[in-house]
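S.K.: predicted model follows, preceded by the sequence.
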Number of protein chains: 4
Amino acid sequence: MPRARRPIRSEMGWSTPDRIVVRGMDLPGEILGNFNLGDMAFLELTGRVPNANESKIFNAMVVTLVEHGITPSALAARLTYLGAPEAMQAAVAAGLCGLGSVFVGSTESCAKMLVEALPDAQAQADLPALARRIVQGHRARKQIVPGLGHPIHKPVDPRVPRLFAIAKDTGYYGSYAGLIQLVQQEAERAAGKALPLNATGAIGALCCEMGFDWRVCRGLGVMARAVGLVGHLLEEARAPIAEEIWHRIEDEASEHLRPEQ
Amino acid sequence: MPRARRPIRSEMGWSTPDRIVVRGMDLPGEILGNFNLGDMAFLELTGRVPNANESKIFNAMVVTLVEHGITPSALAARLTYLGAPEAMQAAVAAGLCGLGSVFVGSTESCAKMLVEALPDAQAQADLPALARRIVQGHRARKQIVPGLGHPIHKPVDPRVPRLFAIAKDTGYYGSYAGLIQLVQQEAERAAGKALPLNATGAIGALCCEMGFDWRVCRGLGVMARAVGLVGHLLEEARAPIAEEIWHRIEDEASEHLRPEQ
Amino acid sequence: MPRARRPIRSEMGWSTPDRIVVRGMDLPGEILGNFNLGDMAFLELTGRVPNANESKIFNAMVVTLVEHGITPSALAARLTYLGAPEAMQAAVAAGLCGLGSVFVGSTESCAKMLVEALPDAQAQADLPALARRIVQGHRARKQIVPGLGHPIHKPVDPRVPRLFAIAKDTGYYGSYAGLIQLVQQEAERAAGKALPLNATGAIGALCCEMGFDWRVCRGLGVMARAVGLVGHLLEEARAPIAEEIWHRIEDEASEHLRPEQ
Amino acid sequence: MPRARRPIRSEMGWSTPDRIVVRGMDLPGEILGNFNLGDMAFLELTGRVPNANESKIFNAMVVTLVEHGITPSALAARLTYLGAPEAMQAAVAAGLCGLGSVFVGSTESCAKMLVEALPDAQAQADLPALARRIVQGHRARKQIVPGLGHPIHKPVDPRVPRLFAIAKDTGYYGSYAGLIQLVQQEAERAAGKALPLNATGAIGALCCEMGFDWRVCRGLGVMARAVGLVGHLLEEARAPIAEEIWHRIEDEASEHLRPEQ
């Protein structure tokens, strides 16, 4: 018996010889000249045009994640470019491959945690009780609470108060932002050490405020970092460091093995 | 004799416990809330804040390249997500890997061609003569002229007149835009068939107008497509098509080999 | 206070002008001409030369995973090659990116499950009781048992009896192989439907038999598939299918959106 | 007018519930237990079983490229694994992305150069004259001759004499191997400095001897390196160095920017 065919459909866009339509909007006529890149990302993810407040908070969330100096991801991209300068797209791809559970994935885990604790943002909820339950649950399972802690930014990640100020200005500081701040206080109290809310935690909460699917969260980091990686590769093309890094590490890593010269 | 060490330096950004600085600007204090994602990309690439005209034309250039429906790149990303939904970053990476010489690289080749033909944008130049020389050179070497031709958009790629209109509005329609349009006319005449200027050609010319290194060009397509691919993967998560594509193609591709059942 | 430096060391290999040493062995003098590619992989993973039995079973395990026709991974690689034929490495990379939790990761999960249930292969253990506990635990947590089930190969995955026959020949059919077969029977009984042991499950068990870290398992699939993807890309270069796939899917996916022509 | 459909066909393999066939051979019955991983790669690329000589030289060629210590590619893979240890496949993919024109692509360029100079291996040819023409052509175009020169291995790359010895043993030292050695001597004489034939040059020549399409060459490096990268990632999981590399480079690269502390 042959397999039944299921239809193949996408709503992302279509083209004819004289038209290009993206999410229902005419690209040349309605989008170009009117949308900035963050608004275009919003359209891609939601299928609609952001209003002024949505545009402001969404652009701030994504811009936050573009550049953080010499990260492992930037190093991977630069070392890849050293071997294949003719394929810059592959160097950006290599840099993105490491945006997993350790560095960017926590946005996603944080949003998932918050939306599972508070499925209905409009409901009356005892946020302090929810915060305690979240922290106790993670401690009982010996899991870290996603979105908390930072190796450098202590006692406060400086991006967080700014993001929350923009959220208040634009009307996106609500129960999820409040909840993650209570979770942070509770977790810090329980751990007895500094556990600052970090940028991925704040952005995870803001994704919930905007009604985004938690699966969107990692995508925000990925698109933002793609922008930043192109910046790093342009610098690498002009003022290269990858070859020097390679030789230094190779020398040191094998020094104990090589015969004395 | 030990290898001499060379210094390792980057100007992209730095952090201390309470500060994050990107290209010399304070991220929370000066960037967040003020920059849209396209402006942030401009800062990454140039090290400075775009003015209003630069912001408008640059955002339009990048936005143009975000979404073009079901492309090979979008399909590669979706098929990758099917096997590793927990690693969305790798699916975006897979989608980017194909942005090479055939689809996105032509922006780069076009910019390189234009800037080599006209190294000084301010110089008086005989643009029609330059255009003829470019076309004759490519024909003599049996090379296609980068930035011309499109499988669907004929006789005009609808993105091009809109991009050039925005360029005129913002003061970025100059010698390079003029030259690529003369090249298009000359190439079409020489070939005796429709060879529309496509979006990658127009964007390559606009990169020259803005004084960008031609190596930036491919990067614009890569960052834009990363945004679009996240949109495709969110749709794939909600309304999947990759599995159906796989089964159909697998069935058809091996039908001539499998024994009758 | 400056950060304390930790040493950077690797045991993989080293070079001087006239020598190349890999895992302590002279590459030209001891390895080339003596090792096949599977033996070299064994050396990379274990730091030692396989004996004849190890070579036979290990090569069989890896060879099993090289080629399975038109998979999502092969399609992603081919669609990537369409856009960047000058960067075949990136097309292989794109194909590998999807070897995650759904298709290849189950080898890893299966090995982890077995080694956690039976940490000491030499210990006397009640394997049927262990198998019941594993299946009950997964059912209670509503998790699927890794290594079981296959969309096509029913009631028996034909690779499994052959792999286990080779394992018996070479002395690698022990408690882990026995345990996964008991788990399979128990899971099938509990589910009341066919749940064949698949190749990833058998290979996961054999990794345990050989004393490999469960983290090696996914790597076996990744290296094997890299070999297979090069095969697919060579076929794509000679008898391309990616462009046809693209056009068909694009047409169908957007048919409901495009105006009638 | 609707687009005409073209057929979609692949000869790589097929499956039914009880069979898996790869390149016309039964995987469980004919391949498993009989083929080593290098032989399987040969089958994938050529569609046929290697004889004993082909197996020996082909395995040696691929094994040569598996491991070369701490390369940029190994570093990119390790830095990627640091951020996404749950997605080892993506770390291998990142490591492969840099196998482009600088490090591995020269195999391909060398094979292409040789086969264009000597399209028919059986023809009587004046090899010294061909070698002179090749070197003069590259010098006139200011191009480097692919396959020559090495940053470390001087005056002889120790892999080359061993590979050519195996080629002589197995009957694969012919006109292409002879030609590349003449090219090396001619290039060294013309340059007036050491330009050793490197492993990629020797392997490029041997690909020609075996009648492989030059497009296969890069693939040999890609599959071999995938094996090596899995080895590096297993070491990284057990004795990590990526985090230390990251912190050191980040500190040094931004030291001139950060305020004194």
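M.R.: Arrived safely, thanks for sending.
S.K.: and residue A:127, how many residues sit next to it?
M.R.: Residues lying near residue A:127 (other C-beta atoms under 10 Å in any protein chain shown) number 18. The C-beta positions use only the backbone N, C-alpha and C, and glycine is treated the same way.
S.K.: residue A:132 too?
M.R.: By other C-beta under 10 Å, the residues close to residue A:132 number 16.
S.K.: check which helix or strand it maps to.
M.R.: helix A:127-140 (DSSP states H and E).
S.K.: quick one: is stretch A:164-181 near chain B?
M.R.: Yes - Stretch A:164-181 lies within reach of chain B by C-beta under 8 Å from any C-beta of the partner chain, at A:165, A:166, A:169.
S.K.: ok, now stretch A:41-58?
M.R.: Yes - using C-beta under 8 Å from any C-beta, stretch A:41-58 comes into contact with chain B via A:41, A:44, A:45, A:55, A:56.
S.K.: wait, the last one sits on residue A:166?
M.R.: When you say that, I think you mean residue A:56. Yes - look at residue A:56 against residue A:166 with C-beta atoms under 8 Å: they come within range, at 6.6 Å.
S.K.: any residues in contact with both of those two?
M.R.: With contacts taken as C-beta atoms under 8 Å, 6 or more residues apart in numbering or on different chains, the residues that reach both residue A:56 and residue A:166 are residue B:33.
S.K.: give me the buried subset of the residues of stretch A:41-58 next to chain B.
M.R.: For those, a neighbour count by 16 or more other C-beta atoms under 10 Å in any protein chain shown gives the buried set as A:41, A:44, A:45, A:55, A:56.
S.K.: so what's the third one up against?
M.R.: By that I understand residue A:45. Residue A:45 makes contact with A:212, A:216, A:219, B:230, B:231, B:234, according to C-beta under 8 Å, 6+ apart.
S.K.: quick check: it vs chain C, distance?
M.R.: According to C-beta to the nearest C-beta, to the nearest Å, residue A:45 and chain C sit 18 Å apart.
S.K.: one step back: which residues are contacting the helix holding residue A:132?
M.R.: A:113, A:117-118, A:144-145, A:175, A:178-179, A:182-183, A:185-187, A:190.
S.K.: can you name the next helix or strand after that helix?
M.R.: As assigned by DSSP H and E, the chain's next helix or strand after helix A:127-140 is helix A:159-170.
S.K.: what helices or strands is that following helix leaning on?
M.R.: Packing contacts for helix A:159-170, counted by 3 or more C-beta pairs under 8 Å, 6 or more residues apart in numbering or on different chains; DSSP states H and E, involve helix A:52-64, helix A:199-209.
S.K.: how many residues are close by residue A:141?
M.R.: Counted with other C-beta under 10 Å, residue A:141 comes out at 7.
S.K.: so who does residue A:199 touch?
M.R.: For residue A:199, the contacting residues are A:64, A:65, A:157, A:159, A:160, A:163, by C-beta under 8 Å, 6+ apart.
S.K.: repeat the analysis, applying 7 Å as the threshold.
M.R.: Contact analysis of residue A:199 by C-beta atoms under 7 Å, 6 or more residues apart in numbering or on different chains lists A:64, A:157, A:159, A:160.
S.K.: could you check the pLDDT of the second one?
M.R.: The reference is to residue A:157. pLDDT for residue A:157: 96.
S.K.: how close does it sit to residue A:147?
M.R.: Distance of residue A:157 to residue A:147, given as C-beta to C-beta, to the nearest Å: 10 Å.
S.K.: circling back: tell me which of the helices and strands packed on helix A:159-170 sits most buried.
M.R.: Most buried of the helices and strands packed on helix A:159-170 by mean neighbour count (mean count of other C-beta atoms under 10 Å in any protein chain shown) is helix A:199-209; its value is a mean of 28.
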